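K.L.:
My questions are about this predicted structure, shown below with the sequence.
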Amino acid sequence: MEVSPRPTLFDFHGVSMIKCFTDNWDNVQNFEARPDDILIATYPKAGTTWVSYILDLLYFGQTCPERQVSVPLHERVPFLEISKASLPTGKDLADLLPTTPRLIKTHLPVQFIPKSFWEQNSRIVYVARNAKDNAVSYFHFGQMNKILPDPGEWNAFLTDFMDGKMVFGSWYDHVNGWWEKKQTYSNLHYMFYEDLIEDSGREMDKLCSFLGLSPSVEEKKRISTLSTFDNMKQNIMTNFSTVQYMNQTVSPFMRKGKVGDWKNHFTVAQNEQFDKDYKQKMKNPLLKIRCEV
Ligand code: A3P
């Protein structure tokens with residue numbers, strides 16, 4: 001495969017971005033959302049794929065079983081803002097989705113969401129993951145995903161993470177921005193990766209209650225089994241093995257799937273500095289994200 005140079009970050013309306021997520025900007029901003037669309041919004045590496053798969057199974061596991069084995073998840077749930085030469089844009093894939101509801105993924109911070117989602121009162125599922133594990137996962141992902149900037153070495157990466165110099169900007173602004181939005185926009189379900197790890201059945205029930213779905217006990221059990229880390233890692237439709245620009249020999253997309261892997265990466269000094277900085281940036285006592293379960 002042709003090796004393109006790694007992209008560089010630039011400031012885009014106050015958020016660090018790379019070209020493949022801003023090149024299609026006007027089309028993305030003019031995206032025509034529908035009232036029954038479901039937008040899955042996350043900071044990168046917060047569990048987007050996991051929740052996308054659960055949603056896809058809830059809606060289409062029974063009705064479109066052939067799609068489950070023939071269409072990779074990232075096509076069933078297009079990535080709205082992505083635009084890469086020689087591939088269809090996420091926006092075009094979303095427009096062409098044959099299903100209702102359409103499940104659409106985004107990593108955009110809340111202020112960049114196309115206005116039609118708000119106007120149409122579309123449902124939004126936001127997933128947050130604790131900053132430490134999120135940073136570790138993003139670091140490994142940057143190493144294997146050639147469309148992202150080179151993450152460099154861990155210590156400098158962690159400093160950049162704290163400074164918001166990441167693709168899609170500051171983790172702190174992202175999780176806080178979406179949390180604030182939840183206070184005024186009722187069609188937003190805010191969930192946590194750590195809660196899913198702790199009890200995926202309970203979290204699926206909450207998700208179903210938000211969406212007005214009532215799957216049978218057997219169906220929920222089937223979805224829980226299909227969406228375990230090990231099963232998703234084995235499944236070529238969910239493990240991103242069909243994506244050319246990811247080198248899974250460097251680090252697999254389905255890497256560890258744990259809470260607390262940060263302990264294997266943070267030094268004591270890094271952890272102290274991180275905690276101090278975290279307190280300054282995360283002042284809302286209601287937004288608590290666990291670093292262990
Ligand atoms: P790790 O790198 O810590 O393993 P995203 O889909 O937002 O890119 O997030 C990817 C992260 O979610 C990876 O974290 C991946 O392993 C984890 N993940 C994906 N599916 C999972 C599952 N079924 N259970 C637990 N973690 C999962």
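P.N.:
Looks like it came in fine.

K.L.:
Which residue lies nearest the spatial centre of this protein?
P.N.:
Residue closest to the average C-alpha location in the chain (Cα atoms, centre = their mean): T48, at 3.2 Å.

K.L.:
buried sites along stretch 71-85?
P.N.:
Neighbour counts over stretch 71-85 (16 or more other Cβ atoms under 10 Å) mark 72-84 as buried. (C-beta placed from N, C-alpha, C; glycine too.)

K.L.:
What lies in contact with that stretch?
P.N.:
Stretch 71-85 is contacted from outside by 20-24, 28, 31, 39-40, 49, 52-53, 55-56, 60, 67, 89-91, 93-94, 97, 99, 103-108, 114, 147, 236-238, 240, 242-243, 245, using Cβ atoms under 8 Å, 6 or more residues apart in numbering.

K.L.:
Now, those that are in strands?
P.N.:
The strands, defined by DSSP state E, take in 39-40, 103-106 from the contacts of stretch 71-85.

K.L.:
Output the residues you listed in CSV, with distance to E218, pLDDT and neighbour count appended to each entry.
P.N.:
Shown next, in CSV, are the ones in strands among the contacts of stretch 71-85 (distance: Cβ to Cβ, whole Å; pLDDT from 0 to 100; neighbours: other Cβ atoms under 10 Å):
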residue, distance to E218, pLDDT, neighbour count
L39, 29, 98, 23
I40, 25, 99, 25
L103, 23, 98, 24
I104, 28, 98, 25
K105, 28, 98, 25
T106, 32, 99, 27
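
K.L.:
For the residues you listed, give me CSV that also has distance to the ligand.
P.N.:
Listed next are those as CSV, based on distance: Cβ to the nearest ligand atom, whole Å:
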residue, distance to the ligand
L39, 14
I40, 9
L103, 14
I104, 14
K105, 9
T106, 11
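
K.L.:
And the furthest pair within those residues?
P.N.:
By the measure Cβ to Cβ, L103 and T106 form the most distant pair in those, at 11.2 Å.

K.L.:
Residues in contact with both of those two, list them for me.
P.N.:
Common neighbours of L103 and T106 (Cβ under 8 Å, 6+ apart) are I40.

K.L.:
from the buried residues of stretch 71-85, which are also near the ligand?
P.N.:
When contact is defined as Cβ under 6 Å from any ligand atom, the buried residues of stretch 71-85 do not meet the ligand at all.

K.L.:
and Y245, how far is that from the ligand?
P.N.:
14 Å (Cβ to the nearest ligand atom, to the nearest Å).

K.L.:
pLDDT wise, what is that residue at?
P.N.:
For Y245, the model assigns a pLDDT of 94.

K.L.:
residues touching the closest residue to the ligand within the stretch 51-200 of the chain, list them.
P.N.:
Here the stretch 51-200 of the chain gets closest to the ligand at one residue, S137, 3.4 Å apart by Cβ to the nearest ligand atom. The contact partners of S137, by Cβ under 8 Å, 6+ apart, come to 45, 129, 255, 261.

K.L.:
ok, 6 Å please
P.N.:
K45 (Cβ atoms under 6 Å, 6 or more residues apart in numbering).
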